[in-house]
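Asks: return atomic coordinates for the entry below.
(chains A, B, C and D)
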Number of protein chains: 2
Amino acid sequence: MSSNPEKPSRGRPKTLKKAAVIDAAMQAYWQEGPTNVSLNEVCARAGVSKPSVYREFGNDDGLAAAVLEVYAETVLGQMLGIVQSDEDLGTKLSKIVSLAAADPLHDHGCLFVKMRAARDQLGPKTQAVIGQIDGMALVAFTKLFAQARTEGGWTSSLPADLAAAYTHAQIGLALDYRARGEDPRAILDLALSVLQPAKV
Amino acid sequence: MSSNPEKPSRGRPKTLKKAAVIDAAMQAYWQEGPTNVSLNEVCARAGVSKPSVYREFGNDDGLAAAVLEVYAETVLGQMLGIVQSDEDLGTKLSKIVSLAAADPLHDHGCLFVKMRAARDQLGPKTQAVIGQIDGMALVAFTKLFAQARTEGGWTSSLPADLAAAYTHAQIGLALDYRARGEDPRAILDLALSVLQPAKV
DNA sequence: ACATTTTAGTACCGAATGGTATTTTATTGT
DNA sequence: ACAATAAAATACCATTCGGTACTAAAATGT
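Replies: Residues are numbered from 1 along each chain as shown, chains lettered A, B, ... in the order given. Next comes the predicted model:
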């Protein structure tokens, strides 16, 4: 779908690599904060001209949305992979906590969390992607708790959707702390302790 | 200290009211988000000229810092008042939760939380004020829990400073939800339930 | 009256931003 | 060769931003 097997066969061959631009933008947004990186800056870092970026992504909103989509597929995909794995609830939560609160991958925080915090400075396309990711995460967490309950791995009386929204919120909070260079571990552990029905 | 009893007695009398400018800026920052309001916009809303604002506050950073200080004295002062009141821990926490999660005062969220979330787009003075407020809040919450413990009103085994940091974080999270128009009550109640040693 | 002082406002500046018109370059079809 | 096509970069545009000379106004002191 995305890689056209049809050879356009006419005109100057395209040299701009979409993935490279997205990657450069992603690194910049992630480290500097999405609102602190201009489109000019992205062009300079990627070594491409501004019209090329506009031709490929439409506008800055399109670029940010594309970046966020790739980020979701790659980085957030790791979270989803853990949630949908075959382990028990406690192991899954523990792995997610480690990934969010301690993994060097999130040394600069989470790009998604940063973008969500700066939603009101981003364009409609990017906001839509943010909403989709939030929704997917909520669905995934809800399934996680609902399934754990039916399989007897979760005996809490909490509604699954509340546990999901709660977990989602606490993970986001922890990633926000990491972006500030603070260790969120103690707070996150304390927060999630409420999900376990009793001490193991 | 601030209102000079000394009559300058020389020069054109000053008509610009600092408080009015701060108030206009505060409303604008609070509703639109601090990074979405330019200094020009504040001048227009307050009906004053730009050089007047610069003469009074130095630069945009000075204005934002002044606004945040007033916000801390007024709005955040309510929080502090509850924390330092004479009621028991449960009542204090309940009142704080209501103020943060349900009071119409925070229908647009909390200006401090918004500014803290956008720290990296604000100037050094404002960042310093943010840090001071964070520190004061942490101290106040720590005293709250330490005092409740010595008075027998809190039997949890948690360290007081962890409980303080945790409460501070959860209140901030709730205020963030309110800024998005979502009801944080269920999540906040769940989060703070971990502070009570047992069901009452 | 007139100089002095202090404040207010107009009009401007340089830099940066998002976005685009225009031209150059590289390729294919005839 | 040469027209046609598509993608590249240069150079530009309008707007907005924070910030500031500069000038006008309103008061007091002599």
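Asks: enumerate the residues of chain A near chain B.
Replies: A:33, A:35-36, A:117-118, A:120-121, A:158, A:162, A:165-166, A:169-170, A:173, A:176-177, A:186-187, A:190-191, A:193-194 (C-beta under 8 Å from any C-beta of the partner chain). Quick note: C-beta positions are derived from backbone N, CA and C, even for glycine.
Asks: any of the residues you listed buried? List them.
Replies: A:33, A:35, A:117-118, A:158, A:162, A:165-166, A:169-170, A:173, A:176-177, A:187, A:190-191, A:194 (16 or more other C-beta atoms under 10 Å in any protein chain shown).
Asks: close to DNA strand C as well: tell me which of these qualify.
Replies: Residues of these in contact with DNA strand C (C-beta under 7 Å from any atom of the strand): none.
Asks: just the ones of those in helices?
Replies: Judged by DSSP state H, these include A:117, A:162, A:165-166, A:169-170, A:173, A:176-177, A:187, A:190-191 as members of helices.
Asks: touching DNA strand C at all, the helix ranked longest in chain A?
Replies: Secondary structure of chain A per DSSP H: the longest helix is helix A:124-150. No - using C-beta under 7 Å from any atom of the strand, helix A:124-150 never reaches DNA strand C; the gap is at least 11.0 Å.
Asks: would you mark the buried spots in that helix?
Replies: Quick answer for helix A:124-150 (16+ other C-beta under 10 Å): A:125-127, A:129-130, A:133, A:137, A:140-142, A:144-146, A:148-149.
Asks: A:Gly62 and A:Leu16: what is the separation?
Replies: Per C-beta to C-beta, to the nearest Å, A:Gly62 is found 14 Å from A:Leu16.
Asks: try A:Leu175
Replies: Distance from A:Leu175 to A:Leu16, by C-beta to C-beta: 32 Å.
Asks: more neighbours, these two?
Replies: For the pair A:Leu175 and A:Leu16, the greater number of neighbours falls to A:Leu175 (22 against 14), based on other C-beta atoms under 10 Å in any protein chain shown.
Asks: where does pLDDT dip in chain A?
Replies: A:1-8, A:198-200 (pLDDT under 70).
Asks: near DNA strand D, which residues of it show up?
Replies: Checking chain A against DNA strand D by C-beta under 7 Å from any atom of the strand, the hits are A:8, A:10-16, A:48-52, A:55-56.
Asks: 10 Å instead?
Replies: Contact residues (C-beta under 10 Å from any atom of the strand) of chain A with DNA strand D: A:4, A:8-18, A:40, A:43, A:46-56.
Asks: thought A:Ser85 was touching A:Ile96?
Replies: No - here A:Ser85 does not reach A:Ile96: they are 10.4 Å apart, not a contact under C-beta atoms under 8 Å.
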